[in-house]
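Student: Provided below are the primary sequence and the corresponding predicted coordinates.
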Amino acid sequence: MARTLSCVPVMAWPPFDSPCLTPPPDEAGPLGPCAHCQVRHLAVCSVLTHEEMHALDAEASSQLLGPGAVLARQGDPRRHVFTVVRGALRMVRLAADGRRQVAGFALPGDFVGLSGSPTYRHDVEALGETELCRFGIDAMRRLGERYPQLREKLFERACVELDSARDQMMALARMNPIERMADFLLKLAAREARAGNPGPMVALPMPRADIADHLGLTVETVSRCLTTLRGKGLIAVPETYRIEILDFAGLESLRAA
């Protein structure tokens with residue numbers, strides 16, 4: 001029977017004031033049937049057949065992080081890769097001058113740790129309680145050699161991440177703050193749609209400070225942008241960590257400006 005890790009009670013995104021709980025590597029338990037994973041259709045393993053999933057099962061383990069827990073530090077040896085099953089992670093890098101840059105966010109179905117570097121390139125932190133599917137680097141390499149379609153999917157994910165990084169650089173270079181916020185919300189909405197939630201509600205698992213450090217803005221500017229978009233009738237803000245998009249075309253016109 002699969003052993004279940006239970007570090008903290010299940011809770012919704014956030015709060016952020018709960019204890020940081022990271023199970024030690026040797027306490028990660030068996031994941032159980034990968035075929036029943038709730039994010040399989042979004043993850044790299046989606047290319048495997050049900051029979052091939054048994055090999056994946058044998059190499060996978062689950063890991064549960066409490067809100068604010070650190071999964072990896074920048075410069076740590078890269079020994080594992082992860083798929084986000086539930087929750088969210090942020091990737092943070094400190095510049096030489098000490099400035100904090102949020103490079104991105106990993107949401108359910110995203111693959112974390114894909115890199116040619118022997119070390120992690122960012123601090124990887126849980127935004128709320130987050131469940132991960134974990135694989136050793138060597139195990140994932142063996143699986144890629146055994147199943148070429150998995151290796152190709154990993155390469156595809158690497159290309160997508162590269163394209164996303166280039167898009168982010170372009171956005172920071174040519175968009176004004178309102179346009180950056182519109183672009184950010186539309187990208188989150190697109191991810192929700194791919195996950196099977198195509199409605200107007202968009203979850204914001206990250207605090208305003210993380211959005212600011214991701215978009216190259218101040219927290220005050222992020223708040224002003226949301227207020228402006230709400231004033232234009234493009235969005236509603238029913239909750240701090242949830243946005244309702246009222247006018248997709250209106251946001252698209254800002255992004256395309």
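Tutor: That came through, no problem. Numbers count the residues shown, from 1 in each chain.

Student: any chance you could map the helices in the stretch 151-257 of the chain?
Tutor: 177-194, 208-215, 219-231, 248-255 (DSSP state H, counting those that start in this stretch).

Student: Residue 144: which of the ones you listed is closest?
Tutor: Across the helices of the stretch 151-257 of the chain, residue 144 has its closest neighbour in helix 177-194 (23.3 Å, C-beta to C-beta). (C-beta placed from N, C-alpha, C; glycine too.)

Student: domain assignment for the protein?
Tutor: 62-167, 175-254 (automatic domain parsing).

Student: as a whole number, average confidence for the longest one?
Tutor: It stands for domain 62-167. Averaged across domain 62-167, pLDDT comes to 88.

Student: and if you look at the last one?
Tutor: The average of the pLDDT scores along domain 175-254 is 94.

Student: mind checking the end-to-end distance for it?
Tutor: 9 Å (C-alpha to C-alpha, to the nearest Å).

Student: Repeat that for the first one.
Tutor: The first and last residues of domain 62-167 sit 32 Å apart, counting by C-alpha to C-alpha.

Student: Distance from it to the middle of the chain?
Tutor: Mean-position distance between domain 62-167 and its chain equals 8 Å (C-alpha atoms, centre = their mean, to the nearest Å).

Student: Then stretch 158-172?
Tutor: Worked out by C-alpha atoms, centre = their mean, stretch 158-172 lies 15 Å from the chain centre.

Student: out of the helices of the stretch 151-257 of the chain, nearest to residue 74?
Tutor: helix 208-215 (14.8 Å).

Student: Just list what that closest one packs against, helices and strands only.
Tutor: Packed against helix 208-215 by the contact rule (3 or more C-beta pairs under 8 Å, 6 or more residues apart in numbering; DSSP states H and E) you find strand 100-106, helix 177-194, helix 219-231.

Student: quick one on the thing from earlier: the helices of the stretch 151-257 of the chain: which one's closest to residue 127?
Tutor: helix 208-215 (7.6 Å).

Student: Quick one: distance of that closest one to the chain centre.
Tutor: On C-alpha atoms, centre = their mean, the centre of helix 208-215 falls 14 Å from that of its chain.

Student: can you list contacts of that helix?
Tutor: Here helix 208-215 makes contact (C-beta atoms under 8 Å, 6 or more residues apart in numbering) with 90, 92, 100-105, 127, 171-172, 177, 180-181, 184, 204, 206, 217-219, 221-223.

Student: re the thing from before, let me have the domains of the chain in TSV, adding mean neighbour count as columns.
Tutor: Below are the domains of the chain laid out as TSV (neighbours: other C-beta atoms under 10 Å):
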stretch	mean neighbour count
domain 62-167	17
domain 175-254	17
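
Student: Tabulate those domains (TSV), appending distance to residue 49.
Tutor: Shown next, in TSV, are those (distance: least, C-beta to C-beta, whole Å):
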stretch	distance to residue 49
domain 62-167	9
domain 175-254	22
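
Student: looking at those domains, which is closest to residue 38?
Tutor: Checking these against residue 38 by C-beta to C-beta gives domain 62-167 as the closest, at 6.8 Å.

Student: Residue 88 against residue 130, yeah?
Tutor: Yes: between residue 88 and residue 130 there is a contact at 6.3 Å, judged by C-beta atoms under 8 Å.

Student: Just the buried positions in stretch 52-65, please.
Tutor: 52, 53, 55, 56, 57, 59, 60, 61, 62, 63, 64, 65 (16 or more other C-beta atoms under 10 Å).

Student: Next, the contact list for residue 255, please.
Tutor: Residue 255 touches 175, 179, 182, 183, 186, counting by C-beta under 8 Å, 6+ apart.

Student: Equivalent analysis for residue 92, please.
Tutor: Residue 92 neighbours (C-beta under 8 Å, 6+ apart): 74, 100, 101, 102, 103, 122, 123, 124, 125, 213.

Student: No further queries at this time; thank you.
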